[in-house]
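In: Generate a structure from the sequence data that follows.
(chains A and B)
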2 protein chains.
Amino acid sequence: MILRKNETGSIPVHELIQRRWSPRDFSPLGVEREKLSALFQAAQSTPSSFNEQPWAYIVAAKENPTDFERILNALAPRNQEWAQHAPVLIVSLAKQNFEVDGRTNHHALYDLGAASAHLTFQATALGLHVHQMGGFSREKIKEEFSVPQGFEPIAVLAVGYFDETKSQPTAIRKRKPLKDFVFESHWGVSSPSVIIEKQKKFNLN
Amino acid sequence: MILRKNETGSIPVHELIQRRWSPRDFSPLGVEREKLSALFQAAQSTPSSFNEQPWAYIVAAKENPTDFERILNALAPRNQEWAQHAPVLIVSLAKQNFEVDGRTNHHALYDLGAASAHLTFQATALGLHVHQMGGFSREKIKEEFSVPQGFEPIAVLAVGYFDETKSQPTAIRKRKPLKDFVFESHWGVSSPSVIIEKQKKFNLN
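Out: Sure thing, here's the model as predicted:
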(Lines give C-alpha, C1' and ligand atoms only; values in the text may rest on other atoms or scores of the structure.)
Protein backbone atom coordinates (compact mmCIF):
# COMPACT_ATOMS: atom_id res chain seq x y z
CA MET A 1 0.00 0.00 0.00
CA ILE A 2 1.44 3.36 -1.03
CA LEU A 3 0.30 6.20 1.21
CA ARG A 4 -1.10 9.20 -0.61
CA LYS A 5 -1.39 12.79 0.55
CA ASN A 6 -4.38 13.48 2.73
CA GLU A 7 -6.74 16.38 2.16
CA THR A 8 -4.57 18.97 3.85
CA GLY A 9 -1.57 18.20 1.63
CA SER A 10 0.46 16.48 4.36
CA ILE A 11 1.14 12.77 4.42
CA PRO A 12 0.23 10.72 7.48
CA VAL A 13 2.81 8.59 9.24
CA HIS A 14 2.28 4.87 8.61
CA GLU A 15 -0.32 3.40 10.94
CA LEU A 16 2.09 0.85 12.44
CA ILE A 17 4.34 3.73 13.52
CA GLN A 18 1.40 5.76 14.78
CA ARG A 19 -0.04 2.83 16.73
CA ARG A 20 3.24 1.82 18.37
CA TRP A 21 3.58 2.69 22.01
CA SER A 22 5.29 1.29 25.12
CA PRO A 23 2.80 0.09 27.73
CA ARG A 24 3.66 -0.96 31.28
CA ASP A 25 0.41 -2.90 31.66
CA PHE A 26 0.88 -6.27 30.01
CA SER A 27 -1.77 -8.98 29.86
CA PRO A 28 -0.65 -12.31 31.38
CA LEU A 29 -1.50 -13.91 28.01
CA GLY A 30 1.54 -15.67 26.55
CA VAL A 31 3.04 -14.87 23.15
CA GLU A 32 2.64 -17.58 20.51
CA ARG A 33 5.93 -19.18 19.45
CA GLU A 34 5.30 -18.53 15.76
CA LYS A 35 4.76 -14.84 16.55
CA LEU A 36 8.03 -14.72 18.48
CA SER A 37 9.74 -16.31 15.51
CA ALA A 38 8.27 -13.65 13.21
CA LEU A 39 9.68 -10.91 15.46
CA PHE A 40 13.19 -12.29 15.06
CA GLN A 41 12.74 -12.81 11.34
CA ALA A 42 11.89 -9.12 11.11
CA ALA A 43 15.07 -8.27 13.03
CA GLN A 44 17.00 -10.66 10.79
CA SER A 45 16.32 -8.71 7.60
CA THR A 46 17.61 -5.39 8.98
CA PRO A 47 20.39 -3.80 6.88
CA SER A 48 23.74 -3.32 8.64
CA SER A 49 27.19 -1.88 8.07
CA PHE A 50 29.11 -4.34 5.85
CA ASN A 51 26.17 -6.70 6.43
CA GLU A 52 27.82 -7.64 9.73
CA GLN A 53 24.44 -8.24 11.44
CA PRO A 54 26.00 -7.34 14.81
CA TRP A 55 22.99 -8.41 16.86
CA ALA A 56 22.04 -11.21 19.21
CA TYR A 57 19.00 -11.79 21.40
CA ILE A 58 18.40 -13.85 24.53
CA VAL A 59 14.72 -14.66 24.95
CA ALA A 60 12.88 -15.88 28.04
CA ALA A 61 9.17 -16.62 28.12
CA LYS A 62 7.39 -16.87 31.44
CA GLU A 63 6.55 -20.52 30.78
CA ASN A 64 10.18 -21.06 31.66
CA PRO A 65 10.19 -19.32 35.06
CA THR A 66 13.88 -19.91 35.79
CA ASP A 67 15.13 -18.13 32.70
CA PHE A 68 12.50 -15.42 33.02
CA GLU A 69 13.62 -14.69 36.59
CA ARG A 70 17.25 -14.49 35.51
CA ILE A 71 16.45 -11.59 33.19
CA LEU A 72 13.88 -10.06 35.54
CA ASN A 73 16.39 -10.00 38.41
CA ALA A 74 18.86 -8.07 36.28
CA LEU A 75 16.36 -5.21 35.81
CA ALA A 76 16.38 -2.05 37.89
CA PRO A 77 13.77 -2.37 40.68
CA ARG A 78 11.53 0.30 39.10
CA ASN A 79 11.41 -1.81 35.94
CA GLN A 80 10.94 -5.14 37.76
CA GLU A 81 7.78 -3.73 39.26
CA TRP A 82 5.85 -3.72 35.98
CA ALA A 83 8.01 -5.96 33.75
CA GLN A 84 7.31 -8.98 35.98
CA HIS A 85 3.84 -9.04 34.42
CA ALA A 86 5.10 -9.20 30.83
CA PRO A 87 4.96 -12.72 29.32
CA VAL A 88 8.30 -12.43 27.51
CA LEU A 89 11.59 -10.66 28.25
CA ILE A 90 14.28 -10.34 25.59
CA VAL A 91 17.85 -9.04 25.94
CA SER A 92 19.35 -7.32 22.90
CA LEU A 93 23.13 -7.56 22.55
CA ALA A 94 25.62 -5.84 20.23
CA LYS A 95 28.67 -7.53 18.76
CA GLN A 96 31.40 -4.93 19.22
CA ASN A 97 33.94 -6.05 16.61
CA PHE A 98 33.86 -7.10 12.99
CA GLU A 99 34.04 -10.84 12.47
CA VAL A 100 36.51 -10.64 9.60
CA ASP A 101 39.32 -8.61 11.18
CA GLY A 102 38.36 -7.73 14.76
CA ARG A 103 38.15 -4.00 14.05
CA THR A 104 35.78 -2.05 16.30
CA ASN A 105 32.34 -1.83 14.65
CA HIS A 106 31.34 1.79 15.23
CA HIS A 107 27.87 1.05 13.83
CA ALA A 108 27.07 -1.98 16.02
CA LEU A 109 24.70 -0.09 18.32
CA TYR A 110 23.15 1.82 15.44
CA ASP A 111 22.43 -1.43 13.60
CA LEU A 112 21.16 -3.19 16.72
CA GLY A 113 18.79 -0.27 17.39
CA ALA A 114 17.47 -0.66 13.85
CA ALA A 115 17.04 -4.42 14.30
CA SER A 116 15.02 -3.89 17.48
CA ALA A 117 12.92 -1.30 15.63
CA HIS A 118 12.21 -3.93 12.96
CA LEU A 119 11.25 -6.38 15.71
CA THR A 120 8.95 -3.78 17.24
CA PHE A 121 7.37 -2.91 13.90
CA GLN A 122 6.55 -6.60 13.37
CA ALA A 123 5.23 -6.87 16.93
CA THR A 124 2.83 -3.98 16.28
CA ALA A 125 1.65 -5.70 13.09
CA LEU A 126 0.85 -8.80 15.19
CA GLY A 127 -1.10 -6.90 17.86
CA LEU A 128 1.79 -7.11 20.34
CA HIS A 129 3.57 -4.36 22.23
CA VAL A 130 7.22 -3.84 23.08
CA HIS A 131 8.59 -1.77 25.94
CA GLN A 132 12.36 -1.33 25.87
CA MET A 133 14.44 -0.69 28.98
CA GLY A 134 17.97 0.61 29.45
CA GLY A 135 17.78 0.25 33.23
CA PHE A 136 19.32 -3.14 34.00
CA SER A 137 22.64 -4.69 35.07
CA ARG A 138 24.74 -5.63 32.06
CA GLU A 139 27.08 -7.52 34.40
CA LYS A 140 24.27 -9.70 35.77
CA ILE A 141 23.12 -10.60 32.27
CA LYS A 142 26.67 -11.42 31.18
CA GLU A 143 27.18 -13.63 34.20
CA GLU A 144 23.79 -15.37 34.13
CA PHE A 145 23.94 -16.25 30.45
CA SER A 146 27.73 -16.63 30.02
CA VAL A 147 27.81 -13.89 27.39
CA PRO A 148 31.18 -14.14 25.65
CA GLN A 149 33.60 -11.24 25.47
CA GLY A 150 32.87 -9.00 22.51
CA PHE A 151 29.10 -8.97 23.04
CA GLU A 152 27.48 -6.22 25.12
CA PRO A 153 23.90 -6.33 26.48
CA ILE A 154 22.26 -3.06 25.40
CA ALA A 155 18.55 -3.22 26.21
CA VAL A 156 15.86 -5.47 27.65
CA LEU A 157 12.59 -5.68 25.73
CA ALA A 158 9.33 -6.59 27.46
CA VAL A 159 6.99 -8.11 24.86
CA GLY A 160 3.35 -9.10 25.13
CA TYR A 161 -0.26 -8.06 24.71
CA PHE A 162 -1.60 -4.91 26.32
CA ASP A 163 -3.85 -5.53 29.30
CA GLU A 164 -7.12 -4.31 27.83
CA THR A 165 -8.70 -4.05 31.28
CA LYS A 166 -6.39 -1.07 31.84
CA SER A 167 -7.00 2.24 30.13
CA GLN A 168 -4.52 3.60 27.65
CA PRO A 169 -2.69 6.68 28.90
CA THR A 170 -4.20 9.96 27.84
CA ALA A 171 -0.91 11.83 28.09
CA ILE A 172 0.40 13.52 24.97
CA ARG A 173 3.33 11.85 23.23
CA LYS A 174 6.07 14.38 23.88
CA ARG A 175 8.44 14.86 20.98
CA LYS A 176 10.69 17.68 19.78
CA PRO A 177 9.26 19.53 16.76
CA LEU A 178 10.93 18.73 13.42
CA LYS A 179 12.34 22.25 13.18
CA ASP A 180 14.57 21.46 16.17
CA PHE A 181 16.28 18.43 14.64
CA VAL A 182 15.97 18.56 10.82
CA PHE A 183 18.45 21.03 9.38
CA GLU A 184 19.52 22.18 5.95
CA SER A 185 22.51 24.20 4.67
CA HIS A 186 23.77 24.92 8.20
CA TRP A 187 23.42 23.50 11.68
CA GLY A 188 20.37 24.94 13.41
CA VAL A 189 18.72 26.15 10.20
CA SER A 190 15.43 24.28 9.91
CA SER A 191 14.91 22.47 6.62
CA PRO A 192 12.05 23.80 4.44
CA SER A 193 10.75 20.23 4.40
CA VAL A 194 9.59 20.73 7.97
CA ILE A 195 7.55 23.85 7.24
CA ILE A 196 4.55 21.77 6.21
CA GLU A 197 4.59 19.98 9.54
CA LYS A 198 1.21 20.25 11.16
CA GLN A 199 0.68 20.75 14.85
CA LYS A 200 -0.03 17.16 15.85
CA LYS A 201 -1.17 15.64 19.08
CA PHE A 202 -0.67 12.02 20.01
CA ASN A 203 -2.39 10.38 22.94
CA LEU A 204 0.20 7.61 23.23
CA ASN A 205 3.64 7.42 24.80
CA MET B 1 -4.15 -5.05 9.74
CA ILE B 2 -3.20 -7.91 12.01
CA LEU B 3 -1.14 -10.56 10.25
CA ARG B 4 -2.42 -14.08 10.70
CA LYS B 5 -0.61 -17.35 10.36
CA ASN B 6 -0.20 -18.58 6.82
CA GLU B 7 -1.03 -22.11 5.75
CA THR B 8 2.28 -23.61 6.85
CA GLY B 9 1.84 -22.34 10.41
CA SER B 10 4.55 -19.71 10.18
CA ILE B 11 3.83 -15.99 10.10
CA PRO B 12 5.17 -13.87 7.26
CA VAL B 13 7.31 -10.82 7.95
CA HIS B 14 5.39 -7.58 7.31
CA GLU B 15 5.47 -6.58 3.65
CA LEU B 16 7.19 -3.23 4.35
CA ILE B 17 10.08 -5.16 5.89
CA GLN B 18 10.11 -7.73 3.10
CA ARG B 19 10.02 -5.08 0.38
CA ARG B 20 12.76 -2.89 1.89
CA TRP B 21 16.11 -3.04 0.15
CA SER B 22 19.05 -0.73 -0.53
CA PRO B 23 19.47 0.07 -4.22
CA ARG B 24 22.43 1.88 -5.76
CA ASP B 25 20.44 2.80 -8.88
CA PHE B 26 18.36 5.85 -8.08
CA SER B 27 16.03 7.59 -10.50
CA PRO B 28 16.85 11.31 -11.01
CA LEU B 29 13.23 12.02 -9.98
CA GLY B 30 13.13 14.37 -6.99
CA VAL B 31 11.46 13.52 -3.67
CA GLU B 32 8.33 15.54 -2.86
CA ARG B 33 8.76 17.87 0.13
CA GLU B 34 5.66 16.48 1.88
CA LYS B 35 7.11 12.97 1.57
CA LEU B 36 10.41 14.14 3.06
CA SER B 37 8.47 15.68 5.90
CA ALA B 38 6.65 12.38 6.50
CA LEU B 39 10.02 10.57 6.74
CA PHE B 40 11.13 12.85 9.56
CA GLN B 41 7.77 12.62 11.28
CA ALA B 42 8.24 8.85 11.32
CA ALA B 43 11.71 9.30 12.86
CA GLN B 44 10.23 11.76 15.32
CA SER B 45 7.91 9.24 16.96
CA THR B 46 10.68 6.71 17.70
CA PRO B 47 10.96 5.71 21.38
CA SER B 48 14.26 6.56 23.09
CA SER B 49 16.05 6.15 26.40
CA PHE B 50 14.56 8.69 28.85
CA ASN B 51 12.76 10.12 25.80
CA GLU B 52 15.98 12.02 25.03
CA GLN B 53 15.38 11.83 21.24
CA PRO B 54 19.15 11.99 20.68
CA TRP B 55 18.89 12.42 16.91
CA ALA B 56 19.41 15.13 14.33
CA TYR B 57 19.36 15.11 10.53
CA ILE B 58 20.95 17.35 7.91
CA VAL B 59 19.10 17.09 4.63
CA ALA B 60 20.23 18.16 1.16
CA ALA B 61 18.12 17.76 -1.96
CA LYS B 62 19.77 18.01 -5.36
CA GLU B 63 17.68 21.08 -6.20
CA ASN B 64 20.13 22.81 -3.92
CA PRO B 65 23.38 21.72 -5.62
CA THR B 66 25.74 23.50 -3.21
CA ASP B 67 24.46 21.70 -0.12
CA PHE B 68 24.14 18.41 -1.98
CA GLU B 69 27.80 18.62 -3.06
CA ARG B 70 28.90 19.34 0.49
CA ILE B 71 27.49 16.01 1.65
CA LEU B 72 28.48 14.17 -1.52
CA ASN B 73 32.10 15.31 -1.20
CA ALA B 74 32.28 13.88 2.30
CA LEU B 75 31.44 10.39 1.02
CA ALA B 76 34.06 7.74 0.32
CA PRO B 77 34.82 7.68 -3.45
CA ARG B 78 33.17 4.27 -3.89
CA ASN B 79 29.96 5.72 -2.45
CA GLN B 80 30.17 9.00 -4.41
CA GLU B 81 30.11 6.98 -7.59
CA TRP B 82 26.50 5.88 -7.20
CA ALA B 83 25.19 8.28 -4.53
CA GLN B 84 25.69 11.27 -6.85
CA HIS B 85 22.60 10.03 -8.72
CA ALA B 86 20.36 10.01 -5.64
CA PRO B 87 18.04 13.03 -5.41
CA VAL B 88 18.44 13.47 -1.64
CA LEU B 89 21.28 12.90 0.82
CA ILE B 90 20.68 12.99 4.55
CA VAL B 91 23.23 12.89 7.39
CA SER B 92 22.09 11.24 10.64
CA LEU B 93 23.74 12.53 13.82
CA ALA B 94 23.72 11.30 17.42
CA LYS B 95 23.66 13.57 20.44
CA GLN B 96 26.24 12.03 22.74
CA ASN B 97 25.16 13.43 26.14
CA PHE B 98 21.91 13.81 28.02
CA GLU B 99 20.48 17.33 27.89
CA VAL B 100 19.55 17.43 31.56
CA ASP B 101 22.90 16.62 33.20
CA GLY B 102 25.51 16.07 30.48
CA ARG B 103 25.95 12.37 31.31
CA THR B 104 27.08 10.17 28.40
CA ASN B 105 24.04 8.67 26.66
CA HIS B 106 25.03 5.04 26.10
CA HIS B 107 21.88 4.49 24.04
CA ALA B 108 22.29 7.44 21.64
CA LEU B 109 23.44 5.32 18.70
CA TYR B 110 20.89 2.60 19.47
CA ASP B 111 18.07 5.15 19.45
CA LEU B 112 19.38 6.93 16.34
CA GLY B 113 19.52 3.58 14.52
CA ALA B 114 15.89 2.99 15.48
CA ALA B 115 14.90 6.48 14.29
CA SER B 116 16.53 5.88 10.90
CA ALA B 117 14.73 2.52 10.70
CA HIS B 118 11.43 4.34 11.31
CA LEU B 119 12.39 6.81 8.57
CA THR B 120 13.10 3.86 6.26
CA PHE B 121 9.75 2.10 6.98
CA GLN B 122 7.96 5.30 6.09
CA ALA B 123 10.06 5.67 2.93
CA THR B 124 9.14 2.14 1.88
CA ALA B 125 5.45 2.90 2.52
CA LEU B 126 5.79 5.90 0.18
CA GLY B 127 7.45 3.95 -2.64
CA LEU B 128 10.89 5.40 -1.80
CA HIS B 129 14.15 3.63 -1.07
CA VAL B 130 16.90 4.35 1.42
CA HIS B 131 20.52 3.26 1.15
CA GLN B 132 22.59 3.96 4.27
CA MET B 133 26.35 4.48 4.22
CA GLY B 134 28.97 4.37 6.93
CA GLY B 135 31.76 5.25 4.51
CA PHE B 136 32.18 9.05 4.78
CA SER B 137 34.30 11.64 6.54
CA ARG B 138 32.74 12.69 9.84
CA GLU B 139 35.24 15.54 10.03
CA LYS B 140 34.23 16.97 6.66
CA ILE B 141 30.56 16.92 7.65
CA LYS B 142 31.32 18.59 10.99
CA GLU B 143 33.32 21.31 9.28
CA GLU B 144 30.95 21.92 6.36
CA PHE B 145 27.84 22.20 8.50
CA SER B 146 29.38 23.62 11.69
CA VAL B 147 28.16 20.66 13.72
CA PRO B 148 28.48 21.62 17.39
CA GLN B 149 30.49 19.60 19.87
CA GLY B 150 28.41 16.81 21.36
CA PHE B 151 26.85 15.71 18.07
CA GLU B 152 28.47 12.98 16.00
CA PRO B 153 27.65 12.23 12.33
CA ILE B 154 26.91 8.48 12.15
CA ALA B 155 25.55 7.64 8.69
CA VAL B 156 24.61 9.20 5.36
CA LEU B 157 21.30 8.11 3.85
CA ALA B 158 20.68 8.28 0.12
CA VAL B 159 16.92 8.60 -0.47
CA GLY B 160 14.94 8.48 -3.69
CA TYR B 161 13.01 6.37 -6.16
CA PHE B 162 14.52 3.26 -7.68
CA ASP B 163 15.53 3.65 -11.32
CA GLU B 164 13.01 1.27 -12.87
CA THR B 165 15.03 1.10 -16.10
CA LYS B 166 17.57 -0.94 -14.12
CA SER B 167 16.87 -4.50 -13.11
CA GLN B 168 16.60 -5.42 -9.46
CA PRO B 169 19.47 -7.57 -8.21
CA THR B 170 18.85 -11.27 -8.28
CA ALA B 171 21.32 -12.02 -5.52
CA ILE B 172 20.03 -13.72 -2.40
CA ARG B 173 19.67 -11.53 0.68
CA LYS B 174 22.39 -13.02 2.88
CA ARG B 175 21.47 -13.21 6.54
CA LYS B 176 22.54 -15.37 9.47
CA PRO B 177 19.93 -18.01 10.40
CA LEU B 178 17.92 -17.30 13.56
CA LYS B 179 19.53 -20.22 15.36
CA ASP B 180 22.84 -18.33 15.27
CA PHE B 181 21.62 -15.21 17.05
CA VAL B 182 18.46 -16.02 19.06
CA PHE B 183 19.35 -17.83 22.25
CA GLU B 184 17.53 -19.14 25.29
CA SER B 185 18.68 -20.31 28.74
CA HIS B 186 22.36 -20.07 27.80
CA TRP B 187 24.54 -18.30 25.25
CA GLY B 188 24.74 -20.31 22.05
CA VAL B 189 21.67 -22.45 22.80
CA SER B 190 19.14 -21.70 20.05
CA SER B 191 15.71 -20.67 21.28
CA PRO B 192 12.86 -23.12 20.49
CA SER B 193 11.09 -20.13 18.93
CA VAL B 194 13.48 -20.39 16.00
CA ILE B 195 12.74 -24.05 15.27
CA ILE B 196 9.75 -23.16 13.16
CA GLU B 197 11.89 -20.94 10.96
CA LYS B 198 11.47 -21.95 7.37
CA GLN B 199 14.27 -22.04 4.86
CA LYS B 200 13.65 -18.74 3.13
CA LYS B 201 15.18 -17.13 0.12
CA PHE B 202 15.08 -13.41 -0.60
CA ASN B 203 15.99 -11.93 -3.92
CA LEU B 204 16.75 -8.50 -2.45
CA ASN B 205 19.75 -7.00 -0.67
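
In: close enough to count as contact, residue A:74 and residue A:137?
Out: Yes: between residue A:74 and residue A:137 there is a contact under CB atoms under 8 Å: 4.8 Å. The C-beta positions use only the backbone N, C-alpha and C, and glycine is treated the same way.

In: Looking at these two, which has the bigger crowd around it?
Out: residue A:74 (24 against 14; other CB atoms under 10 Å in any protein chain shown).

In: Identify the residue nearest the more buried one in space, chain neighbours excluded?
Out: Distances taken as CB to CB, 6 or more residues apart in numbering or on different chains put residue A:140 closest to residue A:74, at 3.9 Å, once the chain neighbours are dropped.

In: Now do the helices in chain A.
Out: With helices called from DSSP state H, chain A shows them at A:15-19, A:33-44, A:65-72, A:77-83, A:108-125, A:138-144.

In: tell me the average confidence for the first one?
Out: Regarding helix A:15-19, the rounded mean pLDDT is 94.

In: next one: the last one
Out: Throughout helix A:138-144, pLDDT has a mean value of 98.

In: contact partners of it?
Out: A:58, A:70, A:71, A:73, A:74, A:91, A:147, A:152, A:153 (CB atoms under 8 Å, 6 or more residues apart in numbering or on different chains).

In: May I ask which of those has the most neighbours?
Out: Neighbour-wise, these (other CB under 10 Å) top out at residue A:58, 28 neighbours.

In: show me where pLDDT drops low in chain A?
Out: A:1-9, A:170-172, A:195-205 (pLDDT under 70).

In: Can you name the residue of it nearest to chain B?
Out: Residue nearest to chain B within chain A (CB to the nearest CB): residue A:113, separated by 3.1 Å.

In: close enough to count as contact, that residue and residue B:108?
Out: No: contact status for residue A:113 versus residue B:108: not in contact, 9.4 Å apart, counting by CB under 8 Å.

In: Of these two, give the one with the bigger neighbour count.
Out: residue A:113 (31 against 26).

In: Quick check: the residue lying closest to that one once chain neighbours are set aside vs residue A:17, distance?
Out: Nearest residue to residue A:113, sequence neighbours excluded (CB to CB, 6+ apart): residue B:113, at 3.1 Å. Residue B:113 sits 15 Å away from residue A:17, going by CB to CB, to the nearest Å.

In: Repeat that for residue A:87.
Out: The separation that residue A:87 has from residue A:17, given CB to CB, amounts to 24 Å.

In: what about the two, which has more around it?
Out: Using other CB under 10 Å as the criterion, residue A:87 and residue A:17 rank with residue A:17 on top: 24 against 19.

In: can you pull the contacts of residue A:148?
Out: Neighbours of residue A:148 in contact, by CB under 8 Å, 6+ apart: residue B:187.

In: check contacts around residue A:28.
Out: So residue A:28 contacts A:85, A:87 (CB under 8 Å, 6+ apart).

In: Surely the residue nearest to residue A:113 touches residue A:112?
Out: Yes: using CB under 8 Å, residue B:113 is in contact with residue A:112, at 6.8 Å.

In: how about residue A:116, what does it touch?
Out: Contacts for residue A:116 (CB under 8 Å, 6+ apart) come out as A:43, A:92, A:130, A:132, A:155, A:157, B:110, B:114.

In: What's the ChimeraX syntax to select whichever of the residues you listed are buried?
Out: One line in ChimeraX is enough to select the buried members of these, burial here meaning 16 or more other CB atoms under 10 Å in any protein chain shown:
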select /A:43,92,130,132,155,157 /B:110,114
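
In: Rebuild the contacts of residue A:116 as a markdown table, extending it with distance to residue A:64.
Out: Below are the contacts of residue A:116 laid out as a markdown table (distance: CB to CB, whole Å):
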| residue | distance to residue A:64 |
| --- | --- |
| A:43 | 21 |
| A:92 | 19 |
| A:130 | 20 |
| A:132 | 21 |
| A:155 | 21 |
| A:157 | 17 |
| B:110 | 27 |
| B:114 | 28 |
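
In: Could you single out the nearest of the contacts of residue A:116 to residue A:185?
Out: Minimum distance to residue A:185 across the contacts of residue A:116 is 26.7 Å, recorded for residue B:114 (CB to CB).

In: gap between the closest one and residue B:72?
Out: In terms of CB to CB, residue B:114 sits 26 Å off from residue B:72.

In: And for residue A:100?
Out: The gap separating residue A:100 from residue B:72 is 28 Å, by CB to CB.

In: In terms of neighbours, single out the busier of these two.
Out: Using other CB under 10 Å as the criterion, residue A:100 and residue B:72 rank with residue B:72 on top: 20 against 8.

In: so that one sits right up against residue B:82, yeah?
Out: No: between residue B:72 and residue B:82 there is no contact under CB under 8 Å: 10.9 Å.

In: burial of residue A:168, as a residue count?
Out: For residue A:168, using other CB under 10 Å, the count is 13.

In: What of residue A:29?
Out: For residue A:29, using other CB under 10 Å, the count is 12.

In: now the one 10 residues further on
Out: A count of neighbours around residue A:39, defined by other CB under 10 Å, yields 31.

In: Phi first, then psi, for residue A:76.
Out: Backbone dihedrals for residue A:76, given as degrees, to the nearest 10, come out at phi -60, psi 140.

In: Hmm, residue A:82 and it touching each other?
Out: No: Residue A:76 lies out of contact with residue A:82 (CB under 8 Å); the separation is 11.3 Å.
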